[in-house]
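Engineer: return a 3D structure for these sequence lines:
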Amino acid sequence: MQLPLTGSCQCRAVRYRCTAAPSSIYACHCTECQRQSGSAFGMSILMPREAFSFTQGAPRTWTRSSDSGRMIDCMFCPDCGTRIVHLPQHSPGLAIIRAGTLDDTRSVKLAGHIWTASRQPWFEVPAGSIAYERQPPDFARLIEAYAAIADRPD
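Structural biologist: As a prediction, this is how the structure comes out:
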């Protein structure tokens, strides 16, 4: 991925910039990501929080309890409602960016899948993929898997 990474909400009123490469990118199949994305899963980019900043607009914050019971600050555009980033309260050094908000999504590569216990029954996790039925104890395996594929040409 070419740095800096940039992205925005759907109406482009809120924009952001990332100055570090993603630690990992994964699909989350929890019911909240399904509801929020309006799809079978959400795609998330793990990023050091200090590398993420808003460059335009003033996002709003909604705090919710995740399926794992942890509190997450969800930042979204107050105009179009697009969810942009999640800031988990239990991990103050981590930002989880919604991958679809990137200006250029062509280099998004999934390292694995989480919350597969609530995946849609018609979705098959690719053989050999890292998969967790619920919240992983940490992101170490997803980070390691992403490092192995991040710079590989498609």
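Engineer: can we go C-alpha only for contacts and neighbour counts from here?
Structural biologist: Noted.
Engineer: contact partners for Arg98?
Structural biologist: Arg98 is in contact with 42-45, 83-86, counting by Cα atoms under 8 Å, 6 or more residues apart in numbering.
Engineer: and those residues, which two are the farthest apart?
Structural biologist: Greatest spatial distance in the contacts of Arg98: Ile45 and Arg83, 13.1 Å, computed using Cα to Cα.
Engineer: and Gly46, that one's in a strand?
Structural biologist: Small correction: residue 46 is Leu, not Gly. Yes: the assignment for Leu46 (DSSP: H, G, I helix; E, B strand; the rest coil) places it in a strand.
Engineer: how much space between it and Arg12?
Structural biologist: 22 Å (Cα to Cα, to the nearest Å).
Engineer: gap between the two ends of stretch 114-131?
Structural biologist: Terminal residues of stretch 114-131 are spaced 6 Å apart (Cα to Cα).
Engineer: correction: stretch 17-32
Structural biologist: So stretch 17-32: terminal residues 25 Å apart, Cα to Cα.
Engineer: same question for that stretch, mean pLDDT?
Structural biologist: Per-residue pLDDT over stretch 17-32 has a mean of 93.
Engineer: now do stretch 116-125
Structural biologist: 94.
Engineer: relative to the whole chain's centre, how far out is that stretch?
Structural biologist: On the basis of Cα atoms, centre = their mean, to the nearest Å, stretch 116-125 is displaced by 18 Å from the centre of the chain it belongs to.
Engineer: hmm, who's touching it?
Structural biologist: With Cα under 8 Å, 6+ apart as the test, stretch 116-125 has contacts from 28-31, 40-41, 113, 131-134.
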